[in-house]
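Trainee: quick check, what structure comes out for this input:
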Amino acid sequence: MAIVLGMPAVDELGDVVRALRGWQDDGAPIQLHPGDLGWFWRFGAERTAAATRTWSRDGEVVAAGMLDEPELIRLAIAPDLQHDEELAQQLAEDVSAPERGVLIEGKVYVEAPMGSLVQDLLFKDGWMTDDPWVPLRRDLSEPVPDPGLRVDVIGAEEAHERTAVQRASFDGSTFTDARWHAMADGVPYADARCLVGRNEIGESVAAVTVWSAGEGRPGLLEPMGVHRLHRGRGYGQAITVAAARALQDLGSSSAIVCTPGFNVGAVATYKAAGFEQLPDKRDLYRND
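Mentor: Below is the predicted model of the structure:
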């Protein structure tokens, strides 16, 4: 059967989320997670659908992509098909040709599972490697200790606290209460939690959102931040430990996170929270 490129409707996003959940595996390269789609859902279901691409064979989704930006697509591929020649060739052709409706013209980027055949094809076609990202993983087969910080699970009534910490953690953040509610209405959030850490006097000092992919599969931290007025006091490490503990409670086999290679402070925080640094990931890019 031919491989068909598609853009799902809003009511088809659940099928994409289910596929992404099924492809998460501790023994496979880290790739696009249902939590990545869940975090994007803060922009609304319609925009999320418009940013999603699927590749299907015989009616079954075999690869999926999310346009983080019009010039960047993040791909996930069924683990047993990451070296499938027909699929890899189709993916490479579709991301390389703007008229196919995946990436725009100009300088564009592709994030694909490390070691997948589509990476090799793009590299041979003249695509180049971009700056490194650092993936980290914490095994959750053993009990996770208490983080030593008061941590609250945030619901709709406290959403303003979660969004305020986000804006105070990341310059230029546009995470509003309305966007939190849009995210929480998304399919992936059924297996997610927002956590806020508080200091001794109850101030919100750090926050994280964790996303489960189901029992026995890796869960994702996306995003984690510490309020700019409360940095340097160990709150990042504490909220990261709390995130791992929350994912363990949700049945995750491990907790994963990825951060830019230049962000040495974040890497140090995750490692201090018991995460193991994995080999670097690199996007591929092409200048047209």
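Trainee: shouldn't V205 be in contact with N199?
Mentor: Yes: between V205 and N199 a contact is recorded at 5.0 Å, counting by C-beta atoms under 8 Å. Placement of C-beta: from N, CA and C, glycine included.
Trainee: name the residues contacting each of those two.
Mentor: Residues touching both V205 and N199 (C-beta atoms under 8 Å, 6 or more residues apart in numbering) are H230, R233, Y235.
Trainee: how close does the last one sit to G274?
Mentor: It refers to Y235. Separation of Y235 from G274 (C-beta to C-beta, to the nearest Å): 16 Å.
Trainee: so between the two, which is more surrounded?
Mentor: Comparing Y235 with G274 by other C-beta atoms under 10 Å, the one with more neighbours is Y235, at 22 against 19.
Trainee: measure that one to V153 for me?
Mentor: 17 Å.
Trainee: hey, where'd the helices end up in this protein?
Mentor: Using DSSP state H, the helices of the chain run over residues 13-23, 34-40, 45-50, 85-96, 117-124, 159-169, 177-184, 235-249, 264-272.
Trainee: can you name the residues bridging to the closest residue to E111 other than its chain neighbours?
Mentor: Leaving out its chain neighbours, the residue that sits closest to E111 by C-beta to C-beta, 6 or more residues apart in numbering is R74, at 4.3 Å. With DSSP bridges as the criterion, R74 is bridged to M66, E111.
Trainee: R74 touches D68, doesn't it?
Mentor: Yes: between R74 and D68 there is a contact at 5.9 Å, judged by C-beta under 8 Å.
Trainee: ok, the two, which is more surrounded?
Mentor: Between R74 and D68, counted using other C-beta under 10 Å, the more crowded position is R74 (21 against 16).
Trainee: residues in contact with the more buried one?
Mentor: Q31, L32, D36, G65, M66, D68, E111.
Trainee: hmm, 10 Å instead?
Mentor: Remark: with contacts taken as C-beta atoms under 10 Å, 6 or more residues apart in numbering, R74 is in contact with 31-33, 36-37, 40, 51, 64-68, 109-112, 283.
Trainee: buried ones among those?
Mentor: 31-33, 36-37, 40, 51, 64-68, 109-112, 283 (16 or more other C-beta atoms under 10 Å).
Trainee: can you pull up the most central residue in the chain?
Mentor: Residue closest to the average C-alpha location in the chain (C-alpha atoms, centre = their mean): D36, at 3.2 Å.
Trainee: brilliant, that's me finished.
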